[in-house]
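**Q** Fold the stuff below for me.
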Amino acid sequence: MPSRTRTAVSGAVLATAAVLLCSTAAAARPAAAPAPPGWSAAPAPGDGAAPGTADRPYFYLEGAPGTVMSDRLSLSNPTGHTVTVRLRGSTPGAWLALASTEVKVPPHTRASVPFTVTVPRDAAPGERSGSLLATRGRGTGAEGRDAVPVHLRVTGRPLSALTVEQVSVRRRGPAALIRYTLVNRGNTVLAPRLAVRADGLFGPVLRRAPRALPTTLRPGQGVGLTETWADPPRLDAVDLRLTATAGGGAHGSATATYTTAPWGAVAGGMLLLVTGVGGPVVVRRRRRARGASEVPGARGAEGAGTARGTAGEAPPPGGDRADAAGQLAGTGPGARS
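**A** The predicted model follows:
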């Protein structure tokens, strides 16, 4: 089957993240009512001959990310009056751009309408499908619609890459909820699988073998997911690890910590701590007080204070003082006798 495709590489990329012309299922959708014999739409032939299904039944374009590809749509009007046809891609505003969205085809002529397909630089390798739609308005005697299939193949080396991010664990009633985010860092569509592992102070507390997740990730897409942990430990310090894998060797993992402690156990531990530390302190203070009151010499010090008080009293008056002085000097009455 002959095919004619002109390709030009361009640095300009249409500002869109939409996938070209929907998915492969778009080509399988039932076509609209065929156009009446008055006009038709088909891929423009390469040799100037009248287009037909034996020549090019559909468009086929192939290019790498960042490539701009061009082709032409042919509109034929064998009738004796002008036909106005409106044109659009099956996904307006995506990778496909028409030179004109409305064309007037004079009687007994054929018009070629150029269009381009610009593949974004971050497009994933693979197949895309859709169609170009040509519609004739009602009330003109030539109502109808033609759908010309378009098949595109994005070339390039596939890259599978996957990361696990933002892992957290929160208790929810008797269970725990594990939250995390998976991000497709490659250029292929991924169907991820997840394994969960958790280890506490005394050994393993959770083991979940890899299982398929109910989601697929397009290139660059991230999705937040959750896992329910029905019976987490009530008193433990746990290291949690999530490991995600996908086709093409994609692999990613991330960790989080989860510490649990019932309020009753915490309160009891604090009480024991206070009792164990505060009790001996009080006992030591009481012993110190008793020991200070029983130290030898404490009473002697008290007596010395009394003696000092007695010595400080006034001496006896008159003769008594003289007699005492004479006895000491050897000249008193006691000395003569």
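**Q** For Thr260, see how far away Gly66 is.
**A** Distance of Gly66 to Thr260, given as CB to CB, to the nearest Å: 52 Å. For the C-beta atoms, the positions are set from N, CA and C on the backbone; glycine is no exception.
**Q** Over to Tyr180?
**A** For Tyr180, the distance to Thr260 - CB to CB - is 19 Å.
**Q** neighbour count winner among the two?
**A** Neighbour count, other CB atoms under 10 Å: between Tyr180 and Thr260, Tyr180 has more, with 22 against 16.
**Q** dump the residue contacts of the closest residue to the more buried one other than its chain neighbours.
**A** Once flanking residues are discounted, Tyr180 sits nearest to Val167: 4.6 Å by CB to CB, 6 or more residues apart in numbering. Neighbouring residues of Val167 by CB atoms under 8 Å, 6 or more residues apart in numbering: 178-180, 240, 242, 254-256.
**Q** please redo it, this time with the cut-off set to 6 Å
**A** 180, 242, 254, 256 (CB atoms under 6 Å, 6 or more residues apart in numbering).
**Q** Counting only strands, which of those residues make the cut?
**A** Of these, the ones assigned to strands by DSSP state E are 180, 242, 254, 256.
**Q** What helix or strand is the residue nearest to the last one when sequence neighbours are not counted located in?
**A** In space, Ala256 comes closest to Val167 once its chain neighbours are excluded; the distance is 4.2 Å by CB to CB, 6+ apart. Element membership of Val167, judged by DSSP states H and E, is strand 162-172.
**Q** hang on, Gly248 in a strand?
**A** No. Read with DSSP: H, G, I helix; E, B strand; the rest coil, Gly248 is helix and lies in no strand.
**Q** With adjacent residues omitted, what lies nearest to it?
**A** Leaving out its chain neighbours, the residue that sits closest to Gly248 by CB to CB, 6+ apart is Ser160, at 2.9 Å.
**Q** hang on, the earlier thing: which one of the contacts of Val167 is nearest Pro149?
**A** Tyr180 (40.7 Å; CB to CB).
**Q** what pLDDT does the closest one get?
**A** Each residue has a pLDDT score; the one for Tyr180 is 98.
**Q** again with Gly305
**A** The model reports Gly305 with a pLDDT of 44.
**Q** Going by neighbour count, which residues of stretch 161-174 are buried?
**A** Judged by neighbour count using 16 or more other CB atoms under 10 Å, the buried positions of stretch 161-174 are 161-164, 167, 169.
**Q** follow-up on the earlier one: for the residue nearest to Tyr180, give me the pLDDT.
**A** Looking at Val167, the pLDDT reads 97.
**Q** what's the distance between it and Ile178?
**A** From Val167 across to Ile178, the span is 7 Å (CB to CB).
**Q** sorry, back to before: and of the ones in strands among the contacts of Val167, the nearest to Tyr60?
**A** Among these, and counting by CB to CB, the member closest to Tyr60 is Tyr180, at 41.3 Å.
**Q** residue contacts, that closest one?
**A** Contacts for Tyr180 (CB under 6 Å, 6+ apart) come out as 164, 167, 242.
**Q** again, only this time at 7 Å
**A** Shown in contact with Tyr180 (CB atoms under 7 Å, 6 or more residues apart in numbering): 164, 166-167, 225, 242, 254.
**Q** Arg86 reaches Thr101, doesn't it?
**A** Yes. Assessed by CB atoms under 7 Å, Arg86 is found in contact with Thr101 at 6.4 Å.
**Q** still on that earlier bit, element containing the residue nearest to Gly248?
**A** Remark: Ser160 resides in no helix or strand, with elements defined by DSSP H and E.
**Q** Could you count how many residues lie near it?
**A** By other CB under 10 Å, 19 other residues sit near Ser160.
**Q** quick one on the thing from earlier: what would the contacts of Tyr180 look like in CSV with distance to Gly248?
**A** Listed next are those as CSV, based on distance: CB to CB, whole Å:
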residue, distance to Gly248
Val164, 17
Gln166, 24
Val167, 23
Leu225, 20
Leu242, 20
Ala254, 20
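**Q** farthest pair in those?
**A** Top of the distance list for the contacts of Tyr180 (CB to CB): Leu225 and Ala254, 12.5 Å.
**Q** remind me which residues of this structure are low pLDDT?
**A** Along the chain, the model assigns pLDDT under 70 to residues 1-38, 46-55, 91-93, 137-143, 262-337.
**Q** wait, what's in contact with Leu182?
**A** 162, 164, 192, 217, 222-223, 225, 244.
**Q** Correction: the previous question concerned Ser168.
**A** By CB under 7 Å, 6+ apart, the contact set of Ser168 is 179, 256.
**Q** Bridge partners for it, pull those for me.
**A** Note on Ser168: beta-bridge partners by DSSP bridges are Arg179.
**Q** try Ser74
**A** The residues that Ser74 bridges to, once DSSP bridges is applied, are Ala42, Ser112.
**Q** how close does it sit to Tyr58?
**A** The gap separating Ser74 from Tyr58 is 13 Å, by CB to CB.
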